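[1] Below is the structure, and that's it, no one-letter string:
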């Protein structure tokens, strides 16, 4: 086990040693799982359990943040290494009356009792930072090696304590480059019989967990399994899900792909998901944009490619590529082969110049006309002011309704 401790950074050792000088401390969580699997845990945050109370932990370090002092968690910050550690006091929880959080929390001093209240066996292991001993009372290492997700204790009890554990079970199915794990039979039964527990979980927590699932290496397989268990219908009700042909590395794009066959318009789907998952305005805007796109929008016509290059940010271009998969990648390649416009993407005609030319006053008609000219400038790769002004001869700008004049946009 010495090799396990050798993977600790000097800053990790300092924090653990300081805690151990006043009490006891153990490494718990994802770092333990990754290390035991032989995965380099350098990118995994180290979670620490201790028998020291939160107020003592705060006194031991120069910079701390109480993430949930009532529940015993203190964030310890190290400005030198730009690292942080969640240090949580050992607990023995009471009942979970609302299916979301314990009704009361009692601090404890027994690491085994603390591990017993955790969700799955692969998460219920600890490492003593002094001796290197692995504390594995519930068979977590055996399940880790076998690729099994098993609840600590009775599956039904664990799921009924916190409905989010249903989603966490599916997240832990993703074992990265090692493939996917399987759900223990009792846990499968507990999930199918307690799907309603997800209704007690906040939308924010569900989206946070779903995001991590959708970003996983094996996201397609895990999401399909969630659908077959009825979990997706509980998390995002009244939604038509698509048959997943491809996924990307972006949770938000994958959410759009997952809902791509829903019959709602982009704005209606965005509002639905915003309400259901508490998406941010920016996230909802992305869903709306992607959902309204059609395969026919990926036209390789030069005017469309020029508008695509000029109107979209690099991040939006990437989202389009990921949303459409291989066809999107071909479209991106075609757009990258289009030379930049000779005078760049900024409009050659500003509002003041357009007022001089047309005699129009500031207002909607002038603004829409300016936007339309900018679009034509980009589409035709115009490089002279006179060329842009000549476009006015192709439009009845004096009497036509300006709402019909498209501004620079894609598609």
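    Great, that's in hand. These numbers were taken from a predicted model, which means no experiment stands behind them.
[2] how deep is residue 306 tucked in, by neighbour count?
    When neighbours are defined as other Cβ atoms under 10 Å, residue 306 has 24 of them. (Each C-beta comes from the backbone N, C-alpha and C, glycine too.)
[3] and if you look at residue 307?
    Residue 307, neighbours per other Cβ under 10 Å, totals 21.
[4] what are the phi and psi values for the nearest residue to residue 196 once chain neighbours are set aside?
    Of all residues not flanking residue 196 in the chain, residue 234 sits nearest, at 7.6 Å (Cβ to Cβ, 6 or more residues apart in numbering). The phi/psi pair for residue 234 (degrees, to the nearest 10) reads phi -80, psi -40.
[5] Which residue comes closest to residue 300 once chain neighbours are left out?
    That would be residue 334: by Cβ to Cβ, 6+ apart, it lies 5.0 Å from residue 300.
[6] Count the neighbours of that neighbour for me.
    When neighbours are defined as other Cβ under 10 Å, residue 334 has 17 of them.
[7] and it, that one's in a helix?
    Yes - looking at residue 334 with DSSP: H, G, I helix; E, B strand; the rest coil, it is inside a helix.
[8] Could you check how far it is from residue 389?
    Using Cβ to Cβ, to the nearest Å, one gets 31 Å for the distance from residue 334 to residue 389.
[9] Model confidence score at the residue nearest to residue 300, please.
    At residue 334, the model reports a pLDDT of 97.
[10] I figured it hits residue 299, correct?
    No - counting by Cβ atoms under 8 Å, residue 334 does not reach residue 299; the two are 9.6 Å apart.
[11] tell me the helices in the stretch 101-250 of the chain, going along the chain?
    With DSSP state H, counting those that start in this stretch as the criterion, the stretch 101-250 of the chain has helices at 111-116, 140-146, 155-161, 164-171, 185-193, 203-214, 219-228, 231-235.
[12] Could you check the third one and say which residues are buried?
    This points to helix 155-161. Neighbour-count burial for helix 155-161, counted by 16 or more other Cβ atoms under 10 Å, picks out 155, 156, 158, 159, 160, 161.
[13] Tell me, how many residues neighbour the spatially closest residue to the second one that is not a sequence neighbour?
    When the adjacent residues along the chain are set aside, residue 156 lies closest to residue 190, with 4.6 Å between them (Cβ to Cβ, 6+ apart). Taking other Cβ under 10 Å as the criterion, the count of residues near residue 190 is 23.
[14] on that earlier part again, save the buried residues of helix 155-161 as a markdown table, and put in pLDDT too.
    A markdown table is the format used below for these (pLDDT from 0 to 100):
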| residue | pLDDT |
| --- | --- |
| 155 | 97 |
| 156 | 96 |
| 158 | 96 |
| 159 | 97 |
| 160 | 96 |
| 161 | 94 |
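[15] Pick out whichever of these sits closest to residue 127.
    residue 158 (22.6 Å; Cβ to Cβ).
[16] Now do the contacts for the closest one.
    119, 120, 151, 152, 165, 190 (Cβ atoms under 8 Å, 6 or more residues apart in numbering).
[17] Counting residues, which helix of the chain comes out longest?
    helix 364-380 (DSSP state H).
[18] Give me the pLDDT value at the residue nearest to residue 196.
    The predicted local confidence for residue 234 is 97.
[19] quick one: contacts for it?
    195, 196, 198, 199.
[20] Contacts only, for the last one.
    Which is residue 199. So residue 199 contacts 163, 234 (Cβ under 8 Å, 6+ apart).
[21] what's the pLDDT at it?
    So residue 199 comes in at 95 (pLDDT).
[22] before we move on, what about residue 95?
    Reported pLDDT for residue 95: 55.
[23] Closest one of the buried residues of helix 155-161 to residue 240?
    residue 159 (27.2 Å).
[24] Confirm for me that that closest one is in contact with residue 197.
    Yes - contact criterion Cβ under 8 Å: residue 159 and residue 197 qualify, at 6.1 Å.
[25] joint contacts of the two?
    residue 166.
[26] And the longest helix of the chain, what does it pack against?
    helix 302-311, helix 351-358, helix 385-390 (3 or more Cβ pairs under 8 Å, 6 or more residues apart in numbering; DSSP states H and E).
[27] can you tell me how far the residue nearest to residue 156 sits from residue 150?
    Taking Cβ to Cβ, one finds residue 190 at 11 Å from residue 150.
[28] For the contacts of residue 234, could you give me CSV that also reports distance to residue 283?
    Shown next, in CSV, are these (distance: Cβ to Cβ, whole Å):
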residue, distance to residue 283
195, 25
196, 27
198, 20
199, 22
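[29] wait, which of those residues is closest to residue 217?
    residue 198 (24.3 Å).
[30] Neighbours of that closest one, how many?
    Quick note: residue 198 (other Cβ under 10 Å) scores 23 neighbours.
[31] got a list of what it touches?
    163, 164, 166, 167, 206, 231, 234, 235.
[32] which one of these has the most neighbours?
    residue 166 (26 neighbours).
[33] Now do the nearest residue in space to it that is not next to it in sequence against residue 146, distance only.
    Leaving aside its chain neighbours, residue 166 sits nearest to residue 191 (5.3 Å; criterion: Cβ to Cβ, 6+ apart). Going from residue 191 to residue 146 by Cβ to Cβ gives 19 Å.
[34] These two: who's more crowded?
    residue 191 (25 against 13).
[35] can I assume that one is in contact with residue 185?
    No - in this structure residue 191 lies outside contact range of residue 185 using Cβ under 8 Å: 10.8 Å.
[36] low-confidence ranges in this protein?
    By pLDDT under 70, the low-scoring segments of the chain are 1-2, 40-43, 69-70, 93-105.
[37] what about the strands in it?
    Assigned by DSSP state E, the chain shows strands spanning 25-28, 47-50, 64-68, 73-78, 83-89, 91-93, 105-107, 126-127, 134-135, 148-149, 182-183.
[38] Format those strands as a markdown table; extra columns: distance to residue 277.
    Formatted as a markdown table, the strands of the chain follow (distance: least, Cβ to Cβ, whole Å):
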| stretch | distance to residue 277 |
| --- | --- |
| strand 25-28 | 29 |
| strand 47-50 | 26 |
| strand 64-68 | 23 |
| strand 73-78 | 25 |
| strand 83-89 | 25 |
| strand 91-93 | 27 |
| strand 105-107 | 28 |
| strand 126-127 | 33 |
| strand 134-135 | 37 |
| strand 148-149 | 24 |
| strand 182-183 | 24 |
